[in-house]
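Visitor: I would like the atomic coordinates for the input below:
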Amino acid sequence: MYLLRGVLGYFGLTLGLAAIAHAGAVLAARRLGVGAFRWFDGRRMGGAWWQRLAVRGLSCLATLLAVLLLIFIGNLVQGSTTPTTTVEVRPGPAESAGIRTGDRILSVDGKAIESWEALRTELQRGFGPRRIEIARKTQKMVVSVTPRDGRINVSPVYESRELTAREALGRALRSPGAILTPVLERAFREHEDRTTLVGPVAIVQESKKQNDGSFLLFLGILGCNLWPLVAGVHAFDALTLLLFRATHPWAHESTEERSTARLARVQQALLVSLFAVSALVFLEVVQETSFGDGALLGIMLLAPAAFAHYLLVTIAALERWGKGFAMAAVAVSLIVPCAALGLPIWLLHWLRGELARRGFRVSWFVTSPKSSR
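Guide: Down below sits the predicted model:
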């Protein structure tokens, strides 16, 4: 059940962060006096380069603040949960050796155990039977347990307490670094776990591992995994704008073709994003094989293009159908795999046809006026 709720939360949070990123960019552009902000516009904003950069930076900051607020409130609601050396026992080596739920582990092979992490680390060292000292009520006893792959099938009992606002704020401020650092380390590590954080289910499962309490805190942790993608989409927008300006001089020289420039810009960026998504899917397949070392880094670099792809599909659908039908079509494409592939291809076909109808020639990535114009 948590997976269904988590995936729904994922899509809801993604839409919420996208709305906050857009509102932040629009407000920043207005305050800095650089004109209106539009995603994947055919013309760049006015003002100096640092003003345009500030608009995108403030948009990213707005989404980060929203994520930190979720984590702050989630910590206040959930409080502090600390794993202890008192254990819950599942079927496996510990149960077979006589360890029971509620027992507290004191030592392993004579080495005192002060924390759950110390217990995990100690069990993963060495092989064969391990002498584990436990406390059960007022009794102490030693049992012999043979771990399987460094595990004895126990989980910690958690101790909970309320957090002050200051403690909750401190935890919120530390969360982005604490959550993203292991992901980055994994991308540069060879011959290790190849799990990716690209698909909704994978991201939800990873976020669930990092928190098993308040749903608000779960959403905040989920947001920490998604937040960098907002910056990535801004980067993809800016880089494809540079490509568009280099290949479509008519779009920023003419004052009469603004709407056509918009269509040409979306067509080019959508095609680029479709190639990026194809490369991402290929890397996801490769990273499951013995040739997959380093594939996760490529997946992480391409992930923003995948998110930008859905934004571009939405923009193209809005241009084609207007708000009502477009949002329904995009929602279906998010749920149905065939629609997710078919909708962008159909929209690309429509964009090319519409540009041709307006008297332009479309050659893959470049749209140019016909000589008769």
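Visitor: any figure for the gap between the spatially most central residue of the chain and Thr289?
Guide: The chain has Leu226 as the residue nearest its centroid, 3.1 Å off, counting by CA atoms, centre = their mean. As defined by CB to CB, to the nearest Å, Leu226 lies at a distance of 27 Å from Thr289. For the C-beta atoms, the positions are set from N, CA and C on the backbone; glycine is no exception.
Visitor: Arg258 contacts Arg43, correct?
Guide: Yes - counting by CB atoms under 8 Å, Arg258 does reach Arg43; the two are 7.3 Å apart.
Visitor: between these two, who's got more neighbours?
Guide: Arg43 (16 against 12; other CB atoms under 10 Å).
Visitor: how would you label that one: helix, strand or coil?
Guide: coil (DSSP: H, G, I helix; E, B strand; the rest coil).
Visitor: roughly how far does it sit from Gly98?
Guide: According to CB to CB, Arg43 stands 74 Å off from Gly98.
Visitor: please apply the same query to Gly223.
Guide: 44 Å.
Visitor: neighbour count winner among these two?
Guide: Higher neighbour count among Gly223 and Gly98: Gly223, with 28 against 15, using other CB under 10 Å.
Visitor: so what's that one up against?
Guide: Contact analysis of Gly223 by CB atoms under 8 Å, 6 or more residues apart in numbering lists 13, 17, 63, 66-67, 70-71.
Visitor: at 7 Å instead, please
Guide: Going by CB atoms under 7 Å, 6 or more residues apart in numbering, Gly223 touches 13, 17, 67, 70.
Visitor: longest helix in the protein, please.
Guide: helix 215-247 (DSSP state H).
Visitor: could you give the mean pLDDT of it?
Guide: For helix 215-247, mean pLDDT is 90.
Visitor: repeat for stretch 57-69
Guide: 96.
Visitor: same deal with stretch 139-148?
Guide: 90.
Visitor: quick check: buried residues in that stretch?
Guide: 143, 145, 147 (16 or more other CB atoms under 10 Å).
Visitor: for stretch 101-110, same thing?
Guide: Applying 16+ other CB under 10 Å to stretch 101-110 flags 103-108 as buried.
Visitor: list just the nearest of these to Ser59.
Guide: Set against Ser59, the nearest of those by CB to CB is Ile105 (48.9 Å).
Visitor: so the closest one makes contact with Ile134?
Guide: Yes - between Ile105 and Ile134 there is a contact at 5.6 Å, judged by CB atoms under 7 Å.
Visitor: got the contact list for the closest residue to Arg90 other than its chain neighbours?
Guide: Counting by CB to CB, 6 or more residues apart in numbering, Arg90 lies nearest to Asn153, which is 4.6 Å off, once chain neighbours are set aside. By CB under 7 Å, 6+ apart, the contact list for Asn153 reads 90-95.
Visitor: residues contacting the residue nearest to the centre of the chain?
Guide: Residues near Leu226 by CB under 7 Å, 6+ apart: 13-14, 17.
Visitor: closest to Gln268 out of those residues?
Guide: Closest to Gln268, out of all of those and judged by CB to CB, is Thr14, at 24.4 Å.
Visitor: how about stretch 69-76: buried residues?
Guide: Going by 16+ other CB under 10 Å, stretch 69-76 has these buried residues: 70-76.
Visitor: narrow those residues to those in strands?
Guide: Residues of these located in strands (DSSP state E): none.
Visitor: make a markdown table out of those and add distance to Thr247.
Guide: Formatted as a markdown table, the buried residues of stretch 69-76 follow (distance: CB to CB, whole Å):
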| residue | distance to Thr247 |
| --- | --- |
| Leu70 | 41 |
| Ile71 | 42 |
| Phe72 | 45 |
| Ile73 | 46 |
| Gly74 | 46 |
| Asn75 | 48 |
| Leu76 | 51 |
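Visitor: just those residues now: which is nearest Leu348?
Guide: Distances from Leu348 to the buried residues of stretch 69-76, taken by CB to CB, are shortest for Leu70, at 36.0 Å.
Visitor: I'd like the contacts of Asn153 as JSON lines, with secondary structure appended.
Guide: Putting these into JSON lines (three-state DSSP) gives the following:
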{"residue": "Arg90", "secondary structure": "coil"}
{"residue": "Pro91", "secondary structure": "coil"}
{"residue": "Gly92", "secondary structure": "coil"}
{"residue": "Pro93", "secondary structure": "helix"}
{"residue": "Ala94", "secondary structure": "helix"}
{"residue": "Glu95", "secondary structure": "helix"}
